[in-house]
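In: no sequence for this one, just the structure:
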């Protein structure tokens, strides 16, 4: 019998992920399959952009609906890439507690899976609690530049 290595916990052990604040979330497709679309590079601007597949459109619609389902959650910025999604969610104090980041991501993936009729996601996701303005600006820029960096990604196949 082979023993699997223990997985390092994804979440901060003592942090309450329902607290108001900004969170950087990344989740990937299973096996990093490029199901969500493709990146094109515009020569005159040197800016790349993402062209969504039908699956990517379903993902986009579900992401845009997060604030509708969770009034205490604001979608601050996001990008859908061929095999992953980056987003900044802001949990706000609206009087009633907002679900945790884990619950929101789990239900988002569930809604997308139901609409597609199949699961396309890795089980886990990555999160980062945004701690200050400098951190926020760096992540915002990272999301903004992600399509342009796609051609350097190890999962990019020409």
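Out: Thanks, I have the structure now. In this text, all values refer to a predicted model and were calculated from it rather than measured experimentally.
In: contacts, neighbours, all on C-alpha from now
Out: Will do.
In: Run through this protein and note the low-pLDDT ranges.
Out: Low-confidence segments of the chain, defined by pLDDT under 70: 1-18, 42-46, 94, 96-97, 152-158.
In: same thing but 80
Out: 1-20, 41-47, 93-98, 151-158 (pLDDT under 80).
In: all helices for it, in order.
Out: Applying DSSP state H to the chain gives helices spanning 54-64, 66-69, 101-116, 133-149.
In: wait, which of these is closest to residue 126?
Out: helix 101-116 (9.9 Å; C-alpha to C-alpha).
In: How far away from the center of its chain is that closest one?
Out: 11 Å (C-alpha atoms, centre = their mean, to the nearest Å).
In: I'd say residue 70 and residue 100 touch.
Out: No - with contact defined as C-alpha atoms under 8 Å, residue 70 does not reach residue 100; the gap is 10.5 Å.
In: pretty sure residue 81 contacts residue 49?
Out: No - contact between residue 81 and residue 49 fails when scored by C-alpha under 8 Å: they sit 9.4 Å apart.
In: These two: which has the busier surroundings?
Out: Taking neighbours as other C-alpha atoms under 10 Å, residue 81 and residue 49 compare with residue 81 leading, 24 against 19.
In: coming back round to it: of the helices of the chain, which is nearest residue 86?
Out: Closest approach to residue 86 among the helices of the chain (C-alpha to C-alpha): helix 133-149, 6.6 Å.
In: where do the contact lists of residue 81 and residue 49 overlap?
Out: 39, 147 (C-alpha atoms under 8 Å, 6 or more residues apart in numbering).
In: Tell me how many other residues crowd residue 68.
Out: 12.
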